[in-house]
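Chemist: Could you look at this predicted model? Sequence included:
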Amino acid sequence: MKIPFTKMHGLGNNYIYIDLFHTDLPEERLSELAVKMSNQNTGIGSDGMILIHPAEKAEVGMRIFNKDGSEGMNCGNGLRCTAKYAYETGIVNTKEFSIQTKANVVHAIVKVNEDKEVEEVTIDMGEPILQREQIPMLGETGTTVINEPFQVADEILHVTAVSMGNPHVVTMVDAIDEAPLTRLGSMMEKDERFPEGVNAEFIEVVSDEELHFRVWERGSGITEACGTGACAAVVAATLNNKVTKGKKVIVHLAGGDLVIEWKEDEHIWMTGGAETIASGIFYA
Ligand SMILES: N[C@@H](CCC[C@H](N)C(=O)O)C(=O)O
């Protein structure tokens, strides 16, 4: 089977994009294909696979598969790259359009240069979900998880849990370089208190408009960036009174910066870059 692909990244968070407006893929092979394409030695090498497809409720649809073949519900960096791809290939012909994920329908705005290339994308990511059972996280129904003690191995962290359509657990640390990503990331991802697994983020708050961020992603491990994670981080910092709602926050990720704003109407806006790396044929 020959599959046309484009490899793109958002701040180093890189996926293989397949355009299902112009190609067909069998549903039963999607998970296996994500694993194969993501392999750095025998595939293309990536954090996973993203499908750009016709959708019922929006102009464009997006599905994300992690490196291990599991399907995620949402992907912030993937949304910006999908918006760039959709505009530059003519799937859409307006600078504002909607994208449907498994989690929700979001609104994308592309900033285009004189060569008609998308330079930057802003997405209205919708509202964060804070109810424990909707994260989902085990514990008392109807409660939120803000600065809650959480023992992993022999360490007691204080975590805040946020869903951006996909689950995130955010821990504040004093120094980002000392974040226990390698030591605790995998254990947190698979902790039984998160029945669907979780993306684990560590943040160092610099000021009420700036924070450092590192992530261990569910299904992919350490990545350079996570867009939904950056949104969750700003929500967590706000809920812990470190950041003011309605103010733009610069999030410094390993692969670059995102600007995130949790507005008074509860919607979270994310602005950042999206880049095309290469395109070609994958022999499956
Ligand atoms: N990198 C993404 C999130 C991808 C999905 C995530 N690993 C999950 O399983 O929830 C982003 O930029 O948001």
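Modeler: Great, that's in hand.
Chemist: Quick check: buried residues in stretch 218-229?
Modeler: Judged by neighbour count (16 or more other Cβ atoms under 10 Å), stretch 218-229 contains these buried residues: 218, 219, 220, 221, 223, 224, 225, 226, 227, 228, 229. (Glycine included, C-beta is placed from N, CA and C.)
Chemist: right, is that stretch up against the ligand?
Modeler: Yes - counting by Cβ under 6 Å from any ligand atom, the ligand is contacted by stretch 218-229 at 218, 219, 220, 223, 226, 227, 228, 229.
Chemist: Give me the subset of those residues lying in helices.
Modeler: Those of the residues of stretch 218-229 next to the ligand mapping onto helices are 227, 228, 229, per DSSP state H.
Chemist: Report all helices and strands that whichever strand or helix holds residue 64 contacts.
Modeler: For residue 64, the host element (DSSP states H and E) is strand 60-66. Judged by 3 or more Cβ pairs under 8 Å, 6 or more residues apart in numbering; DSSP states H and E, strand 60-66 is in contact with helix 30-38, strand 48-53, strand 71-72, helix 76-88, strand 96-100.
Chemist: Let me know the angle separating the fourth one from strand 60-66.
Modeler: To tie it back to what came earlier, the one meant is helix 76-88. 140 degrees (axes from the mean of the first three to the mean of the last three Cα atoms, to 10 degrees).
Chemist: anything in stretch 76-87 near the ligand?
Modeler: Yes - part of stretch 76-87 sits near the ligand under the criterion Cβ under 6 Å from any ligand atom, namely 76, 77, 78.
Chemist: Neighbour-wise, which one of those residues leads?
Modeler: Taking other Cβ atoms under 10 Å as the neighbour criterion, residue 77 ranks highest of those with 34 neighbours.
Chemist: Disregarding residues adjacent in the polypeptide, which is nearest to that residue?
Modeler: residue 10 (3.0 Å; Cβ to Cβ, 6 or more residues apart in numbering).
Chemist: Was I right to think the one you found contacts residue 225?
Modeler: Yes - between residue 10 and residue 225 there is a contact at 6.3 Å, judged by Cβ atoms under 8 Å.
Chemist: Identify the contacts common to these two.
Modeler: Applying Cβ atoms under 8 Å, 6 or more residues apart in numbering, one finds that residue 10 and residue 225 are jointly contacted by 77, 255.
Chemist: Helices of the stretch 51-200 of the chain, start to end?
Modeler: 76-88, 181-189 (DSSP state H, counting those that start in this stretch).
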